[in-house]
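In: Sequence plus the predicted model coming up.
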Amino acid sequence: MTLFVTGGAGFIGSAVVRRAIAEGRKTVVFDALAYAANLDNLAAVADDSNYRFIRGDIRDAASVRDAFAETRPTAIMHLAAESHVDRSIDGPGAFIETNVVGTYVLLQETRRYFEALSEEERGAFRFHHISTDEVYGSLGPTGKFREDTPYQPNSPYSASKASSDFLVRAWGETYGLPVVTTNCSNNYGPCQFPEKLIPVVILNALEGKPIPVYGAGENVRDWLYVEDHAEALLLVLGKGRLGETYNIGGDEERRNVDLVRTICTIMDDLTPAADGKPYADLITFVTDRPGHDARYAIDATKIRRELGWSPAMSLDDGLRRTVAWYLENRGWWEAIRRRGFSGDRLGLKTG
Ligand code: NAD
């Protein structure tokens, strides 16, 4: 078995790769090394004989074709994407190029490769597409997203992911590609690029900068620890039913403002501020994100029932671990800061 992981140098992809290698699987990372990629995320497995890295772009058919020919994958896990909603507001073009066109190119090359396999190899082959719950739009105060919830994407990011989900579905239905799709809630944990909410809060607090909370902080998200997600993905890859989609969530809903306050309290405990003040004093309410979805919540009954998966990490424990990781791995994020990523506000429709 050879896993081929697109976007394997990113936040979630690298967690999947670390886990796959720990399980003894042959794993190829195919990644363009765009701004959010980080080979440091893969340092722990870089010397493993089962690990191979190929720098390549999913939009480039020839590089995908060559990589397939060289590595002969038995399964593709597709995580390569532009992933930040705020960036999609400033520059939607890159999201259409990578998430929609790139997925199309990857599907076409996978199809070409798949059709040349033996019948037995085709029987074992899988294309696993990793997507988001944001495709379902926004919830009111009650209810949860199920696999049959109608798609209603509201941001350029979620629209591009919804498009990619539909392409994957169509390549399964029309061309018989053995596909499975997962839609998950907001991930957090080690190695998340410091432009997403949780690392922004931790690093701004450490640097004594204002901690931005969009709008009144009332938006609700369902948080999933990245390593629980990686476990679920490898389970779906192995045991998920073809042509199906599975929702993956942490069952840990929290209002943004409450989440931020919890992180501040953990930081007060683990690394008290030099001036003795609580980090929560740095919380600053800023202009809301345009089209900000009010609430996301995942009903993960299907994956629970069919595959027996449930998240192991509570949000409070996961946040504590995450804060500890950023404290212990200053070099990881200081290098990103030196590359000019300051964590400053994006996505105000000024682009
Ligand atoms: P990330 O931004 O950390 O990583 C994306 C990776 O894709 C990077 O390594 C980047 O170099 C690579 N990439 C980008 N464009 C590429 C291209 N054209 N060719 C090859 N590689 C390319 O993202 P993430 O947070 O790890 O998300 C991974 C996947 O999971 C994405 O598909 C995202 O939509 C989905 N997802 C993420 C979350 C979340 O909370 N982070 C939630 C739901 C779904």
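Out: Arrived safely.

In: need the residues of the chain near the ligand, please.
Out: Neighbours of the ligand within the chain, by C-beta under 6 Å from any ligand atom: 6-7, 9-13, 31-34, 36-37, 57-59, 79-81, 83, 98, 102, 130-132, 161, 184, 186-187, 193. Glycine gets a C-beta too; all of them are placed from N, C-alpha and C.

In: Which of the residues you listed fall in strands?
Out: Residues of the residues of the chain next to the ligand located in strands (DSSP state E): 6, 31, 130-132, 184, 186-187.

In: re the thing from before, now restrict the residues of the chain next to the ligand to buried residues only.
Out: 6-7, 9-13, 31-32, 34, 36-37, 57-59, 79-81, 83, 98, 102, 130-132, 161, 184, 186-187, 193 (16 or more other C-beta atoms under 10 Å).

In: Buried by neighbour count: which residues of stretch 157-169 qualify?
Out: 157-165, 167-169.

In: can you put these in CSV and add pLDDT and secondary structure?
Out: Formatted as CSV, those follow (pLDDT from 0 to 100; DSSP: H, G, I helix; E, B strand; the rest coil):
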residue, pLDDT, secondary structure
Tyr157, 97, helix
Ser158, 97, helix
Ala159, 98, helix
Ser160, 98, helix
Lys161, 98, helix
Ala162, 98, helix
Ser163, 98, helix
Ser164, 98, helix
Asp165, 98, helix
Leu167, 98, helix
Val168, 98, helix
Arg169, 98, helix
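
In: the strands in the stretch 101-250 of the chain, which residues?
Out: 126-132, 179-184, 186-188, 211-214, 220-225, 245-248 (DSSP state E, counting those that start in this stretch).

In: just to revisit the earlier point, and the furthest pair within the buried residues of stretch 157-169?
Out: Distances among those were taken as C-beta to C-beta; the most separated pair is Tyr157 and Arg169, at 19.0 Å.

In: For the ligand, what's the nearest residue on this protein?
Out: Closest to the ligand within the chain is Gly10: 2.0 Å, counting by C-beta to the nearest ligand atom.

In: one step back: would you convert the buried residues of stretch 157-169 into JSON lines that also reports distance to Glu252?
Out: Shown next, in JSON lines, are the buried residues of stretch 157-169 (distance: C-beta to C-beta, whole Å):
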{"residue": "Tyr157", "distance to Glu252": "22"}
{"residue": "Ser158", "distance to Glu252": "21"}
{"residue": "Ala159", "distance to Glu252": "26"}
{"residue": "Ser160", "distance to Glu252": "26"}
{"residue": "Lys161", "distance to Glu252": "22"}
{"residue": "Ala162", "distance to Glu252": "24"}
{"residue": "Ser163", "distance to Glu252": "28"}
{"residue": "Ser164", "distance to Glu252": "26"}
{"residue": "Asp165", "distance to Glu252": "24"}
{"residue": "Leu167", "distance to Glu252": "31"}
{"residue": "Val168", "distance to Glu252": "27"}
{"residue": "Arg169", "distance to Glu252": "29"}
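
In: count of residues packed around Pro311?
Out: 22 (other C-beta atoms under 10 Å).

In: so is it in a helix, a strand, or just coil?
Out: Of the three states, Pro311 takes coil under DSSP: H, G, I helix; E, B strand; the rest coil.
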